[in-house]
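>>> Quick one: sequence and predicted model below, then my questions.
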Amino acid sequence: MKIEQVLETYDEAYAEAYNQKFLTDIHSQTKTASELQILTELLREKGSTVRWLDVACGTGYYLSCFPEVQRAGLDISQAMLNIAKIKNPNIPLIQGNFRDKSLINKGEWDVISSMWWAYSFAESISEIELLIENISDWLTDDGVCFMPICEPSKNLYSDPTKVPYVAFEDAPAYGGKILVTGVMWSWIQPNGKRHDNMLVPQIEYMIELFKKHFQTVESIEYAKGFYWGILAAKNARQFESIRTQLMKESQSIADGSDRIPTDIPPVDTANFLQRLIRKLFRR
């Protein structure tokens, strides 16, 4: 997606409606709560002096859920950052392009996140790898990254279509292996806003890209298996505590059915999530 189109799409009106539409509405609550669980565990295990950077922070919703943490946000849209400042009035909010390594000091952050498939706004897979490289550079030597990722077969199709990563081990006629490394897609919203030529590498390829810059890379499923994320660490470690925490808390986040209900009014998600975060930090 072209930078000019990103800035045009994420204007003041779009920013003002963003949280309700994509983070706290009834369709997004389970996803958002699960992601807050993961962030809570990553921040908790780093201790009270943890430093956290949210790349492509948007309206700063995730940042606002952890007021006790030393944190900062980076986003290309000033309109989104204007909203972020309301709930995060006293933290650094940097307007800039995540492709620019010079915006952030090397080795400054213990935890870096990049939420809601922000990487898909890159214009090439090379730019996605540059983002991953930048995140690695900005992290401390034992830093960790959490990045939710799009799984095309679950998130872009209405049926369980699986786009194979390995199309051919031995291509007909010409030989050699053929890999479907990514999928390009566009979203035209009912209000006419366009997200053109969004790029999502296959999960297998995203893991390969991360492994070039991180020692430990794991994929994780959450929100009843409908969403995926990458957990990556600069050093050798395991993320078993996060997997365990997701399993233990899944019933307190979910509504108990096999799908997110659409026929009931939204709950007060913010209060619920704050209670969840306080509960986890007390452990």
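On my side now, so go ahead.

>>> For the residue nearest in space to the middle of the chain, which three-state class applies?
Nearest residue to the geometric centre of the chain (C-alpha atoms, centre = their mean): Met115, 2.3 Å. Following DSSP: H, G, I helix; E, B strand; the rest coil, Met115 is assigned to coil.

>>> quick one: it and Val180, what's the gap?
With distances taken as C-beta to C-beta, to the nearest Å, Met115 is found 25 Å from Val180. Where you see a C-beta, it was placed from the backbone N, CA and C, and this is true even at glycine.

>>> Ok, Phe98 next?
In terms of C-beta to C-beta, Phe98 sits 25 Å off from Val180.

>>> pLDDT below threshold where in this structure?
Per-residue confidence for the chain (pLDDT under 70) gives these ranges: 1, 5-7, 9, 15, 160, 248-283.

>>> which residues in the stretch 1-150 of the chain form helices?
3-9, 12-22, 29-46, 61-64, 78-87, 125-138 (DSSP state H, counting those that start in this stretch).

>>> quick revisit: could you check which of Phe98 and Val180 is surrounded by more residues?
Counted by other C-beta atoms under 10 Å, Phe98 and Val180 do not tie: Phe98 has more neighbours, with 23 against 16.

>>> contacting residues for the more buried one?
By C-beta atoms under 8 Å, 6 or more residues apart in numbering, the contact list for Phe98 reads Val55, Ala56, Leu74, Ile76, Ser114, Ala118, Leu131, Asn134.

>>> Enumerate every residue touching Pro201.
Contacts for Pro201 (C-beta under 8 Å, 6+ apart) come out as Ile125, Ile128, Thr181, Gly182, Leu209.

>>> ok, the third one to Tyr10 distance?
The one in question is Thr181. Plainly put, Thr181 is 27 Å away from Tyr10 if you go by C-beta to C-beta.
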